[in-house]
Structures are given as C-alpha cells and as structure tokens.
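S.K.: prediction below, plus the sequence it came from.
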Amino acid sequence: MQTKTTLLTTLAAGFLAMSSTVALADIGHGEPPTYGTPGEAHHVSRTIEVRMGEMFFDPKSIDVAPGETIRFVVINEGDVVHEFNLGTENDWVSHINEMERMTAEGMIDYDRIDHEKMRAMGMMHSDPNSTLLEPGERAEVIWRFPDEATEVGFACNVPGHREAGMVGNIVFRGES
C-alpha cells in the first residue's frame, strides 16, 4: 500500500508541475506564443516606460534586440481603463470575446475594474504579457523576446480601443 501511495503522490506532483509550466507558457489563450516568454527581473537589460491614454501609446514603436528581456513600466495617464497587451493580431482577435464579456458583465467599467467580480467569474486577466489598468495606475510587464525576429506588437483590447488605433509596434533591431 505504501508503494501505491508514494507512486500516486509522485504522479500527482509531476502533473501539477507540468500543468503550472504549461499555464505560464500559454499566456492563458492556447498555444505558447511565438513572440517570447515571461521574463525574469534579473535578466532585464533595460526598462522602457510606456504611457497610455485615450487611444494612444507613447512610444508608439519600440525597438528590441533578439533575445532581449525588457521591463515595461506601463502608466495609464488616461481617464478610462486601458490595457497593455503584448501579442499579435490573431491574439487580439481571439481576446475580443473575453474583453467584451468583462465589459458586459461589469468587470470593466469606463474608469474602474471590479477585481472582486473578475475573481468570482474566474477571469482575473493576469497573463504575464498584459496589464489592465485604471486611470492613474502603473504596472510592470517583464518580457523576454525570442532569439529571432517575429511578429509582435502591443495593443489595448478594451472594446473599441484597438479598433480606434490604440496599437503599437515592436521592431526587432536589424529588421528591414
């Protein structure tokens, strides 16, 4: 009996370790991203401040080196809730329904986020490539870009914002 218990405990621990690794890698929306992985603070090569407000990001374009780890300090200077989300057009399109639901069900209002309601609905919006901020808030996103250039940018996926032009470019140094 002791051997069965030990085997089951070992298998359960292995499964939990694998599932938590997958959860970190897939950014909560399917397959692991091709545009990088969550970064570690001790690997940060530089910090870039990104300001956002009503339908803008500043800067609108950011150059990165292949393999670089960047700390993005994101500041919402606007009067409404905004999001900084590293990803691709496909990621943002697949994220639309979630963001619309969060708005429709009162998790995101014009100028506030109801974190309690988000927790209760299991929609915490805590992916490592993204931050959702109320006016005046700031947060950090630490991201390691891949060793080769790939498609990636940043956008605000609050309904209507990306469509109104709230999108930025990530350009790999050396790209033509």
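M.R.: Great, that's in hand.

S.K.: can you show me the helices along this protein?
M.R.: For the chain, the helices defined by DSSP state H cover 2-25, 89-104, 115-121.

S.K.: so who does residue 83 touch?
M.R.: Residue 83 makes contacts with 99, 130, 131, 132, 133, 155, 156, 157, 158, 161, as judged by Cβ atoms under 8 Å, 6 or more residues apart in numbering. C-beta coordinates here come from the backbone N, C-alpha and C atoms, glycine included.

S.K.: just those: which are in strands?
M.R.: Among the contacts of residue 83, the members falling in strands are 130, 131, 132, 133, 155 (criterion: DSSP state E).

S.K.: neighbours of the fourth one, how many?
M.R.: By the criterion of other Cβ atoms under 10 Å, residue 133 has 20 neighbours.

S.K.: that one against residue 78, yeah?
M.R.: No: assessed by Cβ atoms under 8 Å, residue 133 is found out of contact with residue 78, at 9.1 Å.

S.K.: any common contacting residues for the two?
M.R.: When Cβ under 8 Å, 6+ apart defines a contact, the residues bordering residue 133 and residue 78 alike are residue 52.

S.K.: for stretch 59-70, output the C-alpha coordinates as CSV.
M.R.: In CSV, the C-alpha atoms belonging to stretch 59-70 read as follows (Å, rounded to 0.1, in the frame of the first residue of the first chain):
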residue,chain,number,x,y,z
PRO,A,59,6.0,55.5,-27.5
LYS,A,60,4.1,54.0,-30.4
SER,A,61,7.0,51.9,-31.6
ILE,A,62,9.7,50.1,-29.6
ASP,A,63,12.9,48.6,-30.9
VAL,A,64,14.1,45.3,-29.3
ALA,A,65,17.1,43.1,-29.8
PRO,A,66,16.5,39.4,-30.4
GLY,A,67,16.7,37.6,-27.0
GLU,A,68,16.4,40.8,-25.0
THR,A,69,14.5,40.9,-21.7
ILE,A,70,12.7,44.2,-21.2
